[in-house]
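Asker: here are the coordinates; sequence isn't available:
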């Protein structure tokens, strides 16, 4: 059974720091992995999507890597800003019959302090 | 550029009342999902659909029903609301192939 774990559960850093959020999964047979951001009381916004054949994806100050063999993904945030404060979730996608299922981590709650 | 739209955004129900949550997507996506999100428990799948006219149960389907009569709409129904169904409900959709999931803004439901 696929399980997704995110460490740490919470993180507080001063503005300007570079930081890494971790996501691990138990079954390497994934279709892709997606990182999301969720602001309090809001929906989920997709940040980066990494296909199973890719090693990394970049968008602005965000860089996500994927190592299927070790069952790990990291989200790197460069030069963090208070506006980056949110909960970050990762989800792995796999096929189950005719369905594409998303398996979710519980998220990392990030606070960037001015 | 609407993406995924959920209605209503907020609702308070009395125990035993019924209601329907509507999810609409304008991206011609095949897959649609209903999740609930509770503190400390993450996102849990209630029901999902792999195409128009199809529905299937997820992890926590009891007390909910769904319908997908049109490809763009996925309805979640509560026939007799219970306090345990107090939660935030999210709808999501995905297309075929190497595509990402898109989420609605959520419905905050309180059952008293």
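Answerer: Cool, the structure landed. If you're wondering where the values come from, they're calculated on a predicted model, not measured in any experiment. Numbers count the residues shown, from 1 in each chain, chains lettered A, B, ... in the order given.

Asker: Every contact and neighbour count from this point should use C-alpha atoms.
Answerer: Fine.

Asker: got the residue ranges for the strands in chain A?
Answerer: Counting by DSSP state E, one finds strands in chain A at the ranges A:4-7, A:10-14, A:19-25, A:32-38, A:44-51, A:56-59, A:62-67, A:72-77, A:86-96, A:99-104, A:108-113.

Asker: Mean pLDDT and mean neighbour count for these - can I get that in a markdown table?
Answerer: Written out in a markdown table, the entries for the strands of chain A read as follows (pLDDT from 0 to 100; neighbours: other Cα atoms under 10 Å in any protein chain shown):
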| stretch | mean pLDDT | mean neighbour count |
| --- | --- | --- |
| strand A:4-7 | 95 | 19 |
| strand A:10-14 | 96 | 14 |
| strand A:19-25 | 96 | 21 |
| strand A:32-38 | 95 | 22 |
| strand A:44-51 | 94 | 21 |
| strand A:56-59 | 96 | 14 |
| strand A:62-67 | 97 | 19 |
| strand A:72-77 | 97 | 20 |
| strand A:86-96 | 90 | 21 |
| strand A:99-104 | 85 | 20 |
| strand A:108-113 | 97 | 19 |
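
Asker: Out of those, which gets nearest to residue B:107?
Answerer: Each of the strands of chain A has some distance to residue B:107 by Cα to Cα; the shortest is strand A:44-51, at 12.6 Å.

Asker: Can you give the contact residues for the closest one?
Answerer: A:31-38, A:56-59, A:64-66, B:98, B:100-105 (Cα atoms under 8 Å, 6 or more residues apart in numbering or on different chains).

Asker: how about residue A:71, what does it touch?
Answerer: With contacts defined as Cα under 8 Å, 6+ apart, residue A:71 is in contact with A:24-28.

Asker: One more: residue B:84?
Answerer: Applying Cα under 8 Å, 6+ apart to residue B:84 gives the contacts residue B:111.

Asker: Doesn't it lie inside a helix?
Answerer: Yes: under DSSP: H, G, I helix; E, B strand; the rest coil, residue B:84 sits within a helix.

Asker: For the residue of chain A found nearest chain B, which non-adjacent residue is closest in space?
Answerer: Checking chain A residue by residue against chain B with Cα to the nearest Cα singles out residue A:43 as nearest, at 4.1 Å. Leaving aside its chain neighbours, residue A:43 sits nearest to residue B:105 (4.1 Å; criterion: Cα to Cα, 6 or more residues apart in numbering or on different chains).

Asker: which residues touch the one you found?
Answerer: Contacts for residue B:105 (Cα under 8 Å, 6+ apart) come out as A:42-44, B:4-6, B:9, B:90.

Asker: Out of those residues, which end up buried?
Answerer: Under a neighbour-count criterion of 16 or more other Cα atoms under 10 Å in any protein chain shown, the subset of the contacts of residue B:105 counted as buried comprises A:43-44, B:4-6, B:90.

Asker: Who is residue 57 paired with across the strands?
Answerer: Picked chain A for this. residue A:64 (DSSP bridges).

Asker: hm, I was asking about chain B
Answerer: In this structure, residue B:57 bridges to residue B:47 when assessed by DSSP bridges.
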